[in-house]
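A.B. asks: this is a predicted model, with the sequence first.
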Amino acid sequence: MNDALQGRAAQSAAVRERAEAEMKALGIDDAFIGTLVETFYGRVRAHPDLGPIFDARLSGRWPEHMERMKSFWSAVAFRSGVYGGEPVQAHLGVANMSPDLFPKWLTLFAATLDDIAPNEQAKAWFMAAAERIARSLTLALFYNPALDDPARKPS
């Protein structure tokens, strides 16, 4: 292995170690990630607006989706690199998806954390991550650069 590859491998290992230590200090482990995903998506499925959209997209594939989301949130929390999906592509073309659904998603996520997070610091960490994810997906799926054109803005 050359020096550049060894350096990147060492840097990746250090990032993972710091993330693992941070999560341990927050009381977060794999069991929490599993509970978070199961609880949250149980609420999503029961939600009058979100449930039908998710069910239409995931009908017959919920178990696979749940495992994928556990992998995703584990990768987010522990910087493990275990998630190899493409979130934007996965959400493209979802029937009835609209930007106003993301605040509902975040509200359910916050309520789930209120009920299960081991402490306020863990809740704040996961909410900040969820808000970044929601903002990123909203921009990727719905942003129209023409709306920011200075020539189109009223004076």
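C.D. replies: Structure's in. What do you need? Residues are numbered from 1 along each chain as shown.

A.B. asks: so how far is the helix or strand of the chain with the lowest mean pLDDT from its chain's centroid?
C.D. replies: Every helix and strand in the chain was compared by mean pLDDT, DSSP states H and E; the lowest is helix 87-91, with a mean of 77. In terms of CA atoms, centre = their mean, to the nearest Å, the centre of helix 87-91 is found 11 Å from the chain centre.

A.B. asks: before we move on, what about stretch 128-139?
C.D. replies: Averaging C-alpha positions (CA atoms, centre = their mean) puts stretch 128-139 7 Å from its chain's average.

A.B. asks: contact partners of it?
C.D. replies: 76, 77, 87, 88, 91, 99, 102, 103, 105, 106, 109 (CB atoms under 8 Å, 6 or more residues apart in numbering). Bear in mind the C-beta positions are built from the backbone N, C-alpha and C, glycine included.

A.B. asks: helices or strands next to the helix or strand hosting the first one in the packing?
C.D. replies: Right, residue 76. Secondary structure from DSSP states H and E places residue 76 in helix 62-78. Applying 3 or more CB pairs under 8 Å, 6 or more residues apart in numbering; DSSP states H and E, we find helix 62-78 packed against helix 3-26, helix 30-46, helix 120-142.

A.B. asks: kindly recompute the last result at 7 Å.
C.D. replies: Using 3 or more CB pairs under 7 Å, 6 or more residues apart in numbering; DSSP states H and E, the elements in contact with helix 62-78 are helix 3-26, helix 30-46.

A.B. asks: so where's this protein uncertain?
C.D. replies: 1, 4-5, 7-9, 82-83, 146-150, 152-155 (pLDDT under 70).

A.B. asks: and residue 36, what does it touch?
C.D. replies: 73, 112, 116 (CB atoms under 7 Å, 6 or more residues apart in numbering).
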